[in-house]
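[1] how would this look folded up:
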Amino acid sequence: MKIPVTLKIAALAVATTGFYTYVGQLVPQKEVHPPAEVAISKDMNPDQMRKVGRE
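    The predicted model follows:
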């Protein structure tokens with residue numbers, strides 16, 4: 001009995017999707033936090049600006 005080509009392609013697509021889903025679950029997720037807010041005012045002197053720029 002021959003298996004139709006359409007069914008072979010569908011099975012390959014399902015197997016590939018399942019494989020990528022499995023691998024995606026194995027990879028640990030990294031939690032990313034936004035950077036802290038920095039207050040910059042108009043009356044800052046150059047030394048203070050330098051400190052803010054390095055943060």
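[2] who's in contact with P34?
    Residues counted as contacts of P34 (C-beta atoms under 8 Å, 6 or more residues apart in numbering): none. Quick note: C-beta positions are derived from backbone N, CA and C, even for glycine.
[3] State the helix or strand in which it lies.
    Applying DSSP states H and E as the criterion places P34 outside every helix and strand.
[4] could you point out which element follows whichever helix in the chain runs longest?
    If you go by DSSP state H, the chain has its longest helix at helix 5-26. As assigned by DSSP H and E, the chain's next helix or strand after helix 5-26 is helix 46-54.
[5] Show me how far the lowest-mean-pLDDT helix or strand in the chain is from its chain's centre.
    Ranked by mean pLDDT, DSSP states H and E, the weakest helix or strand in the chain is helix 46-54, scoring a mean of 85. On the basis of C-alpha atoms, centre = their mean, to the nearest Å, helix 46-54 sits 31 Å off its chain's mean C-alpha point.
[6] same question, stretch 47-55
    With C-alpha atoms, centre = their mean, you get 30 Å for stretch 47-55.
[7] What are the contacting residues of it?
    A36, V38, I40, M44.
[8] Apply 6 Å and report the result again.
    V38 (C-beta atoms under 6 Å, 6 or more residues apart in numbering).
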